[in-house]
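Student: Got a predicted model here, sequence first, then my questions.
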Amino acid sequence: MILGQEIIYNFAMFISKIMDYQNLSDEQFKRRFGVYKQTYRKMVESVKSVEADSNSAFG
């Protein structure tokens, strides 16, 4: 995994572990985490896609 993907992955794991972010408004989410919910979702989807690709390459 390249560095950027590791950063996104770690950020996603951090958010998912510390709170139930689903109940925050977009602005509350942005204030707490520095990105909007939609951006976060895209980041998570991107990481999942890369992980699936790398797992299939080695499987």
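Tutor: Nice, thanks for sending it over. Numbering: from 1, shown residues only.
Student: Show me the longest helix that occurs in the chain.
Tutor: Scanning the chain for the helix with the most residues, using DSSP state H, yields helix 37-58.
Student: which residues touch it?
Tutor: With contact meaning Cβ atoms under 8 Å, 6 or more residues apart in numbering, helix 37-58 is reached by 1, 5, 8-9, 11-12, 15, 21, 24, 26, 29, 33, 35. Where you see a C-beta, it was placed from the backbone N, CA and C, and this is true even at glycine.
Student: Endpoints of stretch 21-28, how far apart?
Tutor: Separation of the first and last residues of stretch 21-28 by Cα to Cα, to the nearest Å is 9 Å.
Student: could you give the mean pLDDT of that stretch?
Tutor: Average pLDDT, stretch 21-28: 85.
Student: from the chain's centre, how far out does that stretch sit?
Tutor: 15 Å (Cα atoms, centre = their mean, to the nearest Å).
Student: So which residues make contact with it?
Tutor: 15, 29, 32-33, 36-38, 40.
Student: same thing but 10 Å
Tutor: The contact list for stretch 21-28 (Cβ atoms under 10 Å, 6 or more residues apart in numbering) reads 15, 29-33, 36-40.
Student: Any quick PyMOL command for the buried ones out of the residues you listed?
Tutor: Of the contacts of stretch 21-28, the buried ones can be selected in PyMOL as follows, counting by 16 or more other Cβ atoms under 10 Å:
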select buried, resi 15+29+33+37+40
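Student: Let me have the contacts of stretch 21-28 in a markdown table, adding distance to Lys48 as columns.
Tutor: Below are the contacts of stretch 21-28 laid out as a markdown table (distance: Cβ to Cβ, whole Å):
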| residue | distance to Lys48 |
| --- | --- |
| Ile15 | 15 |
| Phe29 | 19 |
| Lys30 | 22 |
| Arg31 | 26 |
| Arg32 | 22 |
| Phe33 | 18 |
| Tyr36 | 19 |
| Lys37 | 16 |
| Gln38 | 16 |
| Thr39 | 15 |
| Tyr40 | 13 |
